[in-house]
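**Q** quick one: sequence plus predicted model below, questions after.
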Amino acid sequence: MARRPDQGRGSAILRHAVLALATLVFCIPFIWMLLTSFKSRPDIFNGGIDPWPRQWGIVENYSRILFDVPMPRYLLNGAIVCLGIMALQILVAAPVAYALAKLKFRAARWLLPLIVVALAIPAFLPTLPLYLAFRLTGLISSSSGAFGNYAALILPFSISAFGVFLLRQHFKSVPDELVHAARLDGMSDWSIVWRVMVPHARPAIVAFCIFSVVAHWNDLFWPLIVISDNTYATPPIGIIAFVNESVGGGDYGPLMAAATAVTLPIIAVYLLGQRFMADGMALMGK
Amino acid sequence: MSAAGLAISPAAAARDRREALTAWLFSLPALALLSVMLLLPALAVFFVAFTDWQLGNNSIHFAGTANFESVLKDPVFWTSLRNTLVYAVVVVPASMALGLGLALLVNAGPSLRGFYGAVFFLPFTASLVAMALVWQILLHPTIGPVNALLAMAGLPTHNFLHDPNLALPTLMVIGIWQLSGYAMLLNLAGLRAIPPDLYEAARMDGARGAWSRFTLVTWPQLGPTTLFVFVVSSMTALQVFETVAVLTKGQPARRTEVMLYTIYNEGFVFLRTNYAAALMIIFLVVLCGVMLLNVLTLEKRVHY
Amino acid sequence: MAGVAVTNVRKSFGAEPVLADVSLDIRDGEFLSVLGPSGCGKSTLLKLIAGLDIADSGEIRVGDRVVSGVDARRHDVAMVFQSYALYPHLSAGRNIAVPLEMQRLNGFRRLPLLGRLLPGTGRIRAGIRADVEATAAQVRLSHLLDRLPRQLSGGERQRVAIARALVRRLSVLLMDEPLSNLDAQLRVAMRGELAELHRRTGLTIIFVTHDQAEAMSISSRVAVMMKGRLQQVAEPRVLYDRPDNLAVAAFVGDTPINLLPARVLAGGTVEAAGVRLAFDGVPETAAGLQMGIRPEWLRPADAAAADTWTGVVTGVEYFGAEAVVRLELKGGHSMTVRWDGDWALPATGKAQPVRIKPGRGLLFAASGDRIGEVRPADAGLAVAI
């Protein structure tokens, strides 16, 4: 929208004043989290409304979560699970999206509606049978190792109906002439998917990846169900484990350090990919 | 294909077959995973809900509607459903209104748009589990700044998360804080898609004030965005889980018991598989009902 | 080197026939244009030759190889597309390299990062780079190889598309309306470049266009196609002077051909709007004839005579080098005359007699087919002009 002529300096100042206040309100939890993670234990227990640390506890708080609590391990678990999910989602979705967008086959007539139906299934519905199936097949048990645990965390999300649908929409907009040119250049359908379609839909794919990573980094419901061994805890589970261990201890400094360590990477991912958000806007939500 | 009885050459038919085969090969992994991870489990819930089976049982019997009856007789279910609906009825409109207001303000001027947009969206990206713990400190009865502020102002302090009358409203505030950024970002995109011509036409038609421009152009043009935000926000709010699981565990006095938390406990803690399945289906019906109601009431606003 | 032979090819989409029994021989090294209005099936024909689509029946040969039914990758023909179809995420140089990468690097060598570690990949890539640079130099692109398609002008994109088609050194090049996305001036310049390219490379070029001036000006032969059928395949000169039928006559030529109802008199004389011309080989029983006179074949006469049409000037369009004068004849027929820019322009509303150049004039039967031959000019008339 072009700037309207009736918008004077006064209303611009008012706009910034209101938005600055809102920014402060929205950001207080983040500011408090960060500054509390810098405070020493007595400083925190003094209470009050002063956010600035008077006695610094930055070293003890962060060394506690780095060495006493396996926070780096939780972050690593989160990275493995998120990247695994993301890679599988793209690997599975791109070929089928290409088939639905550019190839002629009769099954497309019911496959696409099926994808849309899958889109509408709330995430909690399949968890119960999947949990039972994973338990009964021994994928998750007290003795299952890295493979079983990571597989249990990753597999249920390996197919994203959203991803298939989004990629299909974007692949459809690739001109047929480009596909023809690629064929004449000697590409197979498989090459066309990865060398023509995927680069063409790159902004949408980046947006999708960001949402996938953010969603699964933060997910609590499914990890809470399947993780029994905290060695494989994702960051949210790790934080909860930390809270349970230091129960009643009021170790708020290290706790906020842990919260910061969990929140910062994902905010960084979001800010880095923010310019692609417009393309992936419709992807958010459960 | 042979609409007019025209024969297709063998070569063309072979090519079509090859293309269909490729398409099938490309679809197979997705179709298999879709079935195994999503569709069959979703159907299995319906199956289990009509049996007496629980994890560990060796036998399985048809149980008719017994599970559903015991759910409907359970006062915990009704408490949970009521809390969930009350939560959503407050959080969804509030976060939508706040989101729209913020989007209008951000969009009203050219400077710092990207910055504000990013800031208000932060709560939606940050880990809610971590942020819930931050809120716990903010609202802490002895060391939290909120109560310190109340005390300084001479007002009574509260143990927000343990006060039966305040626990759910407190969770609502956190929910609104988290969701309005989402509504804001979508509305911002919707506002940018409104053609500037419409505002100029409205001015020519005599719509001088900001309010008349809003009612004449902005609000109707945002119709589809509003519907979308409504559906996604409702789904997210009705499936509230993290804050309850981390902060209140359904307490005090079941005042924060919500559907997804009840389902989690029954299905995965108490392992009452059949009961949880019935609970899931009833919750699914509620979700569908709410969606249908949303779409029907909002439809007029979207189709003009 | 290879020619292309299309024999009895049919293609329909559903019940809609797009190509009805098309046969066409393109000689090795020939520049052949396929000319026709949109929807006539010319692009479909090109796709069949490229292997992007498969004919319902018939045979297509490239060189001595039957390619009908063979996958596009193995047709060994190159193609330039109307939209250029460049990969938007690859630089001009990478675009040109794609066909070579597909040909010379197998799937493992093409893998990102990993492929480069395989022994030999570096050497193959160096060879590809050398070939790309050589081809780019051929179309004067060397300085633009690092640019992305969106950073290039229309003409430059066009040259990238041509380079990508040339890089495999195949002997057959297909072009689907390659100039239609360029502005008028650039289009004329590109025509010259294409003709020059053809001379230099000796490629067999099949060039699809709906622009008759384009087809006439650059090709050695033109195949006129309408409603899925070939109407005439001939050199541009023949197509213009001796079109096989009314449809071709009407489609070829800048200014539409004049058509006057005509009837046969005794002795092979044909009369149209009061003027008689001598034709050979016209049956006296022929009815419903039309005489075709190109606007360029008419000249102004000083005074009305037995061999002149006289009409009232209804409009004059002046272009500098030439002008188009519109006349309305008695009986309501209109006539367009191509006026030399040097001649005095007639005033609108005045009567203007015109005479046909000797030896010119076409006659079409009621079926639309051309019949008879106008009798060559005799000495007497030549003097009169």
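**A** Done, it's in.

**Q** which residue comes closest to residue B:237 once chain neighbours are left out?
**A** Sequence neighbours aside, residue B:88 is the residue nearest to residue B:237 in space, at 4.1 Å (criterion: Cβ to Cβ, 6 or more residues apart in numbering or on different chains). C-beta coordinates here come from the backbone N, C-alpha and C atoms, glycine included.

**Q** burial measure for the one you found, as a count.
**A** 22 (other Cβ atoms under 10 Å in any protein chain shown).

**Q** in which helix or strand does it reside?
**A** helix B:75-108 (DSSP states H and E).

**Q** check which element follows that helix along the chain.
**A** helix B:113-125.

**Q** that following helix near chain A at all?
**A** Yes: residues of helix B:113-125 contacting chain A under Cβ under 8 Å from any Cβ of the partner chain: B:114, B:116, B:118-125.

**Q** shaky segments in the stretch 201-350 of chain C?
**A** Applying pLDDT under 70 to the stretch 201-350 of chain C flags no residue at all.

**Q** need the helices for it, in chain order.
**A** C:212-218, C:236-241, C:246-251 (DSSP state H, counting those that start in this stretch).

**Q** quick check, the residue in the stretch 101-250 of chain C closest to chain B?
**A** residue C:228 (14.0 Å; Cβ to the nearest Cβ).

**Q** for that residue, give me its contacts.
**A** The neighbours of residue C:228, taking Cβ atoms under 8 Å, 6 or more residues apart in numbering or on different chains as the test, are C:17-20, C:22, C:40-41.

**Q** repeat for residue B:119
**A** By Cβ under 8 Å, 6+ apart, the neighbours of residue B:119 are A:23, A:26-27.

**Q** leaving out chain neighbours, which residue sits closest to whichever residue of chain B sits closest to chain C?
**A** Here chain B gets closest to chain C at one residue, residue B:11, 3.0 Å apart by Cβ to the nearest Cβ. In space, and not counting its chain neighbours, residue B:11 is closest to residue C:69: 3.0 Å by Cβ to Cβ, 6+ apart.

**Q** my read is that the residue of chain B closest to chain C contacts residue C:67, right?
**A** No: between residue B:11 and residue C:67 there is no contact under Cβ atoms under 8 Å: 10.4 Å.

**Q** show me which of the contacts of residue B:119 is closest to residue A:75.
**A** Ranked by distance to residue A:75 (Cβ to Cβ), the contacts of residue B:119 are led by residue A:27 at 23.2 Å.

**Q** can you tell me the helix or strand for the closest one?
**A** helix A:9-36.

**Q** quick one: average confidence on that helix?
**A** Computed over helix A:9-36, the mean pLDDT rounds to 86.

**Q** for that helix, buried residues please.
**A** Using 16 or more other Cβ atoms under 10 Å in any protein chain shown as the test for burial, helix A:9-36 gives A:15-16, A:19, A:22-23, A:26, A:28-30, A:32-34, A:36.

**Q** in three-state terms, label whichever residue of the stretch 1-150 of chain A sits closest to chain C for me.
**A** Going by Cβ to the nearest Cβ, chain C is nearest to residue A:104 of the stretch 1-150 of chain A, at 11.9 Å. Taken by DSSP: H, G, I helix; E, B strand; the rest coil, the conformation at residue A:104 corresponds to coil.

**Q** shouldn't it be in contact with residue B:19?
**A** Yes: proximity of residue A:104 to residue B:19 meets the contact threshold set by Cβ under 8 Å, at 5.7 Å.

**Q** which element, helix or strand, includes residue B:69?
**A** With DSSP H and E as the test, residue B:69 turns up in helix B:66-73.

**Q** indicate which one of the helices of the stretch 201-350 of chain C is closest to chain A.
**A** helix C:212-218 (19.7 Å).

**Q** counting neighbours, what do you get for residue C:106?
**A** Residues near residue C:106, counting by other Cβ under 10 Å: 13.

**Q** what do you get for residue A:258?
**A** Neighbour tally, residue A:258, other Cβ under 10 Å: 30.

**Q** now do the helices in the stretch 151-300 of chain B.
**A** So, for the stretch 151-300 of chain B - with DSSP H, counting those that start in this stretch - the helices run B:167-192, B:196-204, B:210-213, B:219-221, B:223-238, B:242-243, B:259-264, B:273-302.

**Q** in TSV: those helices, plus mean neighbour count.
**A** Compiled in TSV, the helices of the stretch 151-300 of chain B are given as follows (neighbours: other Cβ atoms under 10 Å in any protein chain shown):
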stretch	mean neighbour count
helix B:167-192	23
helix B:196-204	14
helix B:210-213	14
helix B:219-221	15
helix B:223-238	20
helix B:242-243	25
helix B:259-264	24
helix B:273-302	18
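
**Q** among those, which is nearest residue C:108?
**A** Using Cβ to Cβ, the helices of the stretch 151-300 of chain B put helix B:167-192 closest to residue C:108, at 42.6 Å.

**Q** the closest one vs chain A: in contact?
**A** Yes: using Cβ under 8 Å from any Cβ, helix B:167-192 reaches chain A at B:177, B:181-182, B:185-186, B:189, B:191-192.

**Q** up against chain C, what does the stretch 151-286 of chain A have?
**A** So the stretch 151-286 of chain A meets chain C at A:175, A:177-178, A:180-188, A:191, A:195-196, A:199-200, A:202 (Cβ under 8 Å from any Cβ).

**Q** which members of those residues are positioned in helices?
**A** A:177-178, A:180-184, A:191, A:199-200, A:202 (DSSP state H).
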